[in-house]
Every structure is written in C-alpha cells, then in structure tokens.
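Enquirer: Everything below, folded, please.
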Amino acid sequence: MPDGEQRRSRRAASAVRTAALWAAVRRLVQQRADALGRPLRVLDLGGGTGELAVPLAELGPQLVATVTVVDPSPDALAALGRRAAESGVAERVVAHQGDADTLAEVLPGQRFDLVCCHGVLEVVDDPTATLQALAAALDDTGQLSLLVAGRLAAVWARALAGELAQAHAVLTSVDGRWGPHDPLPRRFDLRELRELVTAAGLREQHWHGTRLLGDLVPPAALDTDADRAALVALEDALAGHAAYPFLGELGAALHLLAARPESRG
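Expert: As a prediction, the model looks like this:
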C-alpha cells in the first residue's frame, strides 16, 4: 500500500475508534439541552487542542452555548484557538491556562451543565482531588463525562503481543502499568473508577466500555466505509449486550457519566 494510502487508512481507523464515544457525548448534549430547554455551558478539563471542544461547539448555539477549555499547555491552547477559528466557532470556545488544582481560581464561581474529563485522570497527581474539583464546578443538575484508560484492555493487548509478564504486571500493579517504561502513568478498572466517583460525592448514572476491538483491529482491515461501519456496529452490540455486561470492561477506555446525588438529571 502506498504511503499516502497508509496514512489515510490510519486516520480512518483512528476516527472509527472514537466514533462510539463521540456518539455518546453527542446524545448526552442533546438530551441535556432538551431537558433544560436551553443550550449548555460546557467545561472541558485538559481539552488541549480542542479535539472534543471544537466538535462540541460545532453542534451549534442551540445545543452548546459555550465550551470552556482549561489546560496547562499554552501551546495546546494556541492550537485550540486556531482550530476554533478555522471551524468558525471561536466566539463560543473559551480557553484558560490551568489545571484541576487551579480550577477554582481560573473559573471563580462558574458552574457548568456538562463537565468533560477525558484522558486526564491517568496523568494527574491526585485523581480524587481532581474529581472533587470537577464536582464543585457542576451545576445542580450538571453531569460529568469521565473517560479513562481501561486496565483489562491493556492486560489483553500485552498478552496478545506475547508480553505475558507485562500483562500480569498490568493486572496486579496498583497503577495498572506494565513497567517503568510504560508511557501511561495510570489505568483503571470499573471498580476503581466507581470508588473515585463516590469519593468525590457524585453518583454514577451510566457507564460503558469503548474501543473494545478497535485497538486490536489492524488499520488495513478498516479500509472501507463498510468495514468501519461494521466495526462500530459490532462494538456497540458488544458494549450494550444484556447477556454479557462484563464485556464493556474490556474496552480500551471506560466512559462513565455521573451527577450530584440530589440531581434528577
């Protein structure tokens, strides 16, 4: 396969691996906007270059009023500004340099209808403190969208790669890492994630696994729209299969929605 075709294949594979998550977030935004009768105020912690924030803003002002991105990297926020401008949503994407530790200082008194924390708990110093800060930023009926790297998927992937000692380390280590050279500081299983959410004073509403198979399927097998649609359909069926609820825990990422205990949303 020529280099150009290989790059296109990899980009298409990457897109299909995030399709289920984006579909879930988009449904959540629509449901919350309908329930509230107004567009949402969204916070994206660690949103970086806007891979989530810009598509959220692109849903339109009838669904999303503003997306506020808080990220410690000035370079990432500069890229976010460019991406938002190119997409025509710069007026509804707000960028602040900071992190969970400085959230109350960066956004004093601000509350949000939807708070997204995707791929952040793996790298922060204190996941419980981060979730507590995000809980404080939720409006009374607000919801938290939490995405973390799944421990069991890494066990599976390491084993399939023939790295059995590393697979065992991921399974048994406190932080879900396969060794000192593992690039990811932390992974979670569903039990750990639920305990963190409860410790932050929130209640779980729903969870599902994403990328159950996508990270294991070679990009060359996802060349056509039909191939990609088939993978999305299979993953959706597996993650939501009533007879096999445990399969979602094999997802490379776990997606959990939470809210304040008193919230009826």
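
Enquirer: Can you name the residues in contact with stretch 123-133?
Expert: Contacts with stretch 123-133, where a contact means Cβ atoms under 8 Å, 6 or more residues apart in numbering, come from 45, 99-101, 103-104, 117, 120-121, 144, 146, 184-186, 196-197, 199-202. (Glycine included, C-beta is placed from N, CA and C.)

Enquirer: Do a quick rundown of the strands in the stretch 1-150 of the chain.
Expert: 40-45, 64-71, 93-97, 112-118, 138-149 (DSSP state E, counting those that start in this stretch).

Enquirer: Which residues in the strand or helix carrying residue 236 does the neighbour count mark as buried?
Expert: According to DSSP states H and E, residue 236 maps onto helix 225-239. Neighbour counts over helix 225-239 (16 or more other Cβ atoms under 10 Å) mark 227-228, 231-232, 235-236, 238-239 as buried.

Enquirer: Quick check: which helices or strands does the next helix or strand after that helix pack against?
Expert: Next in sequence after helix 225-239, counting helices and strands by DSSP H and E, comes strand 253-259. Packed against strand 253-259 by the contact rule (3 or more Cβ pairs under 8 Å, 6 or more residues apart in numbering; DSSP states H and E) you find helix 3-36, strand 138-149, helix 190-199, strand 203-210.

Enquirer: JSON lines for the ones you listed, including mean pLDDT and distance to residue 163?
Expert: What follows is these, written out as JSON lines (pLDDT from 0 to 100; distance: least, Cβ to Cβ, whole Å):
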{"stretch": "helix 3-36", "mean pLDDT": "68", "distance to residue 163": "21"}
{"stretch": "strand 138-149", "mean pLDDT": "96", "distance to residue 163": "17"}
{"stretch": "helix 190-199", "mean pLDDT": "96", "distance to residue 163": "23"}
{"stretch": "strand 203-210", "mean pLDDT": "91", "distance to residue 163": "22"}
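
Enquirer: Out of the ones you listed, which is the most enclosed?
Expert: Of the helices and strands packed on strand 253-259, the one with the most neighbours on average (mean count of other Cβ atoms under 10 Å) is strand 138-149, at a mean of 22.

Enquirer: Quick check: neighbours of it in the sheet, parallel or antiparallel?
Expert: Strand 138-149 has the following sheet partners, assigned by DSSP bridges: strand 112-118 (parallel), strand 253-259 (antiparallel).

Enquirer: From residue 229, how far off is the residue nearest to residue 213 when sequence neighbours are not counted?
Expert: Nearest non-adjacent residue to residue 213, counting by Cβ to Cβ, 6 or more residues apart in numbering: residue 235, 5.7 Å away. Here residue 235 is placed at a distance of 11 Å from residue 229 (Cβ to Cβ, to the nearest Å).

Enquirer: Against residue 80, how distant is residue 228?
Expert: Distance of residue 228 to residue 80, given as Cβ to Cβ: 27 Å.

Enquirer: again, but for residue 215
Expert: 26 Å.

Enquirer: Which one's more surrounded, these two?
Expert: Per other Cβ atoms under 10 Å, whichever of residue 215 and residue 80 has more neighbours is residue 80, with 26 against 15.

Enquirer: CA atoms only for stretch 226-242, dumped as CSV, please.
Expert: Below are the C-alpha coordinates for stretch 226-242, written out as CSV (Å, rounded to 0.1, in the frame of the first residue of the first chain):
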residue,chain,number,x,y,z
ALA,A,226,-18.4,-0.7,5.2
ASP,A,227,-15.6,-2.1,7.2
ARG,A,228,-15.6,0.8,9.6
ALA,A,229,-19.4,0.8,10.0
ALA,A,230,-19.2,-3.0,10.7
LEU,A,231,-16.7,-2.4,13.5
VAL,A,232,-18.7,0.4,15.1
ALA,A,233,-21.9,-1.8,14.9
LEU,A,234,-20.1,-4.8,16.5
GLU,A,235,-18.5,-2.8,19.3
ASP,A,236,-21.9,-1.1,20.0
ALA,A,237,-23.6,-4.5,20.2
LEU,A,238,-20.9,-6.0,22.4
ALA,A,239,-20.8,-3.0,24.8
GLY,A,240,-24.5,-3.0,25.3
HIS,A,241,-25.2,-6.7,25.2
ALA,A,242,-27.6,-7.6,28.0
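
Enquirer: Can you tell me what sits against that stretch?
Expert: The contact list for stretch 226-242 (Cβ under 8 Å, 6+ apart) reads 12-13, 15-16, 19-20, 208-214, 217, 221-222, 244, 247-248, 251.
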